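Undergrad: below are the sequence and a predicted model; questions follow.
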Amino acid sequence: MVTENSSPGKENFKMSAKKTPSDALTRLPLSRIRTIMKSSPNVESIGPEAIFTVSKCTEIFIQYMSEEGLARCNSKKILDYKGIAEFVNTDAKLNFLAEILPRKMTFRDAKKLLQSPDEDESDSEESSEEGD
């Protein structure tokens, strides 16, 4: 709903408590945002303004991740997992995503990582036995 103030040329935008903001103002479906938010056991009710705000914040976050991820891609035209994972793993603000978006590695490198802790444990056991 748009109402005019006493000042000419200025508009005051008010949101009705009964109506949700139009899906045309967001790129993400508000109904899906509402469903995700309500899936939290601590949430009882969610106002339309909160749903709209979370939707817009999510859009901005996705845009930020996309732009920064693309800047780290080999091809500056195609956004790929490697670019996003590199961004997430090098930016301290995004540490909370590091487990969700780890850097890709080859099977050979993963196998070496899995084998190296076993070797470290056996080395430490041998050194403790030598000390006895």
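TA: Done, it's in.

Undergrad: so, low pLDDT: which residues of the chain?
TA: The model of the chain has pLDDT under 70 over residues 1-23, 117-132.

Undergrad: do that again at 50, thanks
TA: Within the chain, the stretches with pLDDT under 50 are 1-19, 21.

Undergrad: okay, now the domains of it?
TA: Domains of the chain are assigned by automatic domain parsing as 2-101, 102-132.

Undergrad: which of the ones you listed is buried the deepest?
TA: Comparing the domains of the chain by mean neighbour count (mean count of other CB atoms under 10 Å), domain 2-101 ranks first with a mean of 12. Glycine gets a C-beta too; all of them are placed from N, C-alpha and C.

Undergrad: which residues of the protein fall in strands?
TA: Secondary structure of the chain (DSSP state E): strands located at 2-4, 11-13.

Undergrad: surely residue 38 meets residue 46?
TA: Yes: the pair residue 38 / residue 46 is scored as a contact, 6.5 Å apart, by CB atoms under 8 Å.
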